[in-house]
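Visitor: what's the 3D shape of this:
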Amino acid sequence: MEDKSILIIGGGIAGLAAGVYGQMNGYRTTIFEMHTLPGGLCTSWQRKGYVFDGCIHWLVGTNPQYATYGMWQELGALKNVEIVNHGEFTCIENTDGRVFHMYSDVDKLEKHMLELAPVDEKVIKEFCGAIRSMGGFDLPIDGPKNPLEAVKGAFGMLPVGPIFLKYGKMSTQKFAEKFKDPFMKTVWGTMFDMPDFPMIGLLSTLAWQNKKDAGYPIGGSLPFAKSIEKRYRDLGGEMYYGARVERILVENDKAVGVELTDGRKFRGGRVISAADGFATVNKMLGGRYRAPLLDEYFRKSEIFEPLVMVSLGVKRSMTDQPHVNIKLLEKPIVIAGEERKFMQVKHYAYDPTLAPEGKTVVMAMFSTHYDYWKKLAEDPERYDAEKKQAALAVISEIDRYLPGFEKDVEVVDVATPLTTERYTGNWQGSFEGWRLTTENMTMMFNGKFPHTLPGLENFYMVGQWVEPGGGLPTAGMSGRAMMQKICKEDGKKFVTRRN
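Guide: A predicted model of the protein is given here:
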């Protein structure tokens, strides 16, 4: 009999999704997860009564009218979960006291921007018009498609094509140059300061916010991941924790199983890696099978830069503060050896499950360099000292505009790229794999990134290392699309059902 078993490496969202859809379609799946919990990067951790969340700030797919919501229902992720839709995406405060509010409602945003910078009326109206037009674009959860075809098929002829043509190759930094008002230039140059980040990514984000399809699920990341794990187990899936895969077993250029670091071996008809891409190709497969495009990206290292995350448990509610506040600093602070001219501070007062009553979690995140922390870790005392310095700098700066904040801090937790690497195995400690750029954006839709390796049969890859742009919906869609592909290979109709 043909072997319909599938071994899945990695219990993050992509691996869990592949498992759920595999079980739905009659395959026997087994997931091997190196950690003791599901979710991979979609996780949280407890410290003295506080829960620090490492992933979900907002989630595409929280509005039942849109396709991604249906995927989360299939995966069992949002069952009986309260969703919070924020009135603003973020706000930016200048050193002179001027404040820009990135309102979620596009009409309110347009009015606010015109009041701040009437000289930029033309740019502002075109920008807000593009957000409204992008409201018709829904993520194509049934596999990669040309975005214009996806929109046309779902909603008929909508004015999205010109938006892609105009903004598809424009970065947020280039867009910032369009403003004449100095404050607007500062706002847009600061808010999305990733190199070559495409405007289409920003417009999509704001369109999702505007149509309330990017809310926050109360409970955050780990309960979200555990809900998908429960769905997987309820469908009969098998999961091994503390099970790090040492190598993928190959016979006659066919993947036939996996071997764990403890020596246990498991055989299966197919192997899917939802684990770190670099480790999969270079360690688990020993570099014997390679995809030129992946090799090129690993050489270029165009990844989402890893983060140093300062999380604080604070005995104050913070409800009088914006939930995300970017402060341009009068005097730069030094974090991880770099001067920082602004600081993003986020609080979770809207989620009562993360802190005791009357208290909340506050977080500040900074992009950083893996090599900096790797070198520091050679001297544990210097490594710990650097983490403490980062926390002190953040606490001191917040105390400058919220007097008394420092004495209210009860718990301090600092996570570095090495933390991410240790718990997830992610190459260079990246939190979302390949960074979205104007160059690789279309690869999310046209399927050019390799999901298999030349010369190796019965082997597949899913997740952030084969889907530029990262994010939880992309991970879920990756697992879903792979099971569609496998069903097609076997001449089976791909089926789904909601939880």
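Visitor: looks like residue 202 contacts residue 170 (just checking).
Guide: No. In this structure residue 202 lies outside contact range of residue 170 using Cβ atoms under 8 Å: 9.9 Å. C-betas here are computed from N, CA, C, even on glycine.
Visitor: contact partners of stretch 318-335?
Guide: Stretch 318-335 has contacts (Cβ atoms under 8 Å, 6 or more residues apart in numbering) with 57, 86, 88-95, 101, 186, 190-191, 308, 339-350, 360, 362, 366, 368, 389-390, 393-394, 396-397, 401-402.
Visitor: please name the strands paired to the longest strand along the chain in the sheet, noting orientation.
Guide: Counting residues, the longest strand found in the chain (DSSP state E) is strand 324-335. Within its sheet, and counting by DSSP bridges, strand 324-335 is paired with strand 88-93 (parallel), strand 338-347 (antiparallel).
Visitor: the more surrounded of residue 202 and residue 170?
Guide: residue 202 (22 against 17; other Cβ atoms under 10 Å).
Visitor: list the buried residues for the host helix or strand of residue 69?
Guide: Using DSSP states H and E, residue 69 falls within helix 67-75. Buried residues in helix 67-75, counted by 16 or more other Cβ atoms under 10 Å: 67, 68, 69, 71, 72, 73, 74, 75.
Visitor: surely the last one touches residue 475?
Guide: No. Counting by Cβ under 8 Å, residue 75 does not reach residue 475; the two are 10.4 Å apart.
Visitor: which residues do those two both contact?
Guide: Common neighbours of residue 75 and residue 475 (criterion: Cβ under 8 Å, 6+ apart): residue 17.
Visitor: quick revisit: so for residue 428, which of the strands paired with strand 324-335 sits nearest?
Guide: Relative to residue 428, the nearest member of those by Cβ to Cβ is strand 338-347, separated by 16.7 Å.
Visitor: which parts of whatever helix or strand comes next after the closest one are buried?
Guide: Of the helices and strands lying after strand 338-347 in sequence (DSSP H and E), the nearest is strand 360-367. Judged by neighbour count (16+ other Cβ under 10 Å), strand 360-367 contains these buried residues: 360, 361, 362, 363, 364, 365, 366, 367.
Visitor: same thing with stretch 210-229?
Guide: Buried residues in stretch 210-229 (16+ other Cβ under 10 Å): 210-217, 219-229.
Visitor: kindly write the ChimeraX command that selects the buried subset of the contacts of stretch 318-335.
Guide: Under the burial definition 16+ other Cβ under 10 Å, those of those that qualify are selected in ChimeraX by:
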select :57,86,88,89,90,91,92,93,94,101,186,190,191,308,340,342,343,344,345,346,347,348,349,360,362,366,368,389,390,393,394,397,402
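Visitor: returning to that earlier point: export the strands paired with strand 324-335 to TSV and tack on mean pLDDT?
Guide: Shown next, in TSV, are those (pLDDT from 0 to 100):
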stretch	mean pLDDT
strand 88-93	95
strand 338-347	96
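Visitor: thinking again about what came up before, what about the buried residues of stretch 210-229, which are in strands?
Guide: Judged by DSSP E, strands contain the following of these: 214, 215, 216, 217.
Visitor: I'd like the distance between residue 426 and residue 29.
Guide: Distance, residue 426 to residue 29, using Cβ to Cβ, to the nearest Å: 23 Å.
Visitor: what is the neighbour count of the closest residue to residue 342 other than its chain neighbours?
Guide: Leaving aside its sequence neighbours, residue 342 sits nearest to residue 328 (Cβ to Cβ, 6 or more residues apart in numbering; 4.8 Å). Residue 328 has 16 neighbours, counted by other Cβ under 10 Å.
Visitor: not counting its neighbours along the chain, what's nearest residue 293?
Guide: The nearest residue in space to residue 293 (Cβ to Cβ, 6+ apart) is residue 450, at 5.9 Å.
Visitor: okay, now that neighbour: neighbour count?
Guide: 15.
Visitor: the one 10 residues further on too?
Guide: Counted with other Cβ under 10 Å, the neighbours of residue 460 add up to 23.
Visitor: for it, which non-adjacent residue is closest in space?
Guide: For residue 460, ignoring the flanking residues on the chain, the nearest one in space by Cβ to Cβ, 6+ apart is residue 272 at 4.7 Å.
Visitor: report the contact partners of the one you found.
Guide: Counting by Cβ under 8 Å, 6+ apart, residue 272 has contacts 6, 7, 8, 9, 15, 18, 459, 460, 461, 462, 482.
Visitor: surely it is in a strand?
Guide: Yes. According to DSSP: H, G, I helix; E, B strand; the rest coil, residue 272 belongs to a strand.
Visitor: where's it relative to residue 356, distance?
Guide: 41 Å.
Visitor: which parts of the stretch 351-499 of the chain are strands?
Guide: In order along the chain, the stretch 351-499 of the chain carries the following strands (DSSP state E, counting those that start in this stretch): 360-367, 409-415, 459-461.
Visitor: sorry, that was for the stretch 101-250 of the chain
Guide: Applying DSSP E, counting those that start in this stretch to the stretch 101-250 of the chain gives strands spanning 214-217, 238-241, 245-251.
Visitor: so which of those strands is the most surrounded?
Guide: Mean neighbours per residue, mean count of other Cβ atoms under 10 Å, is largest over the strands of the stretch 101-250 of the chain for strand 214-217, with a mean of 23.
Visitor: quick one, helices of the stretch 101-250 of the chain?
Guide: Here the stretch 101-250 of the chain has its helices, by DSSP state H, counting those that start in this stretch, at 106-116, 121-134, 147-155, 161-167, 172-176, 182-191, 199-210, 221-234.
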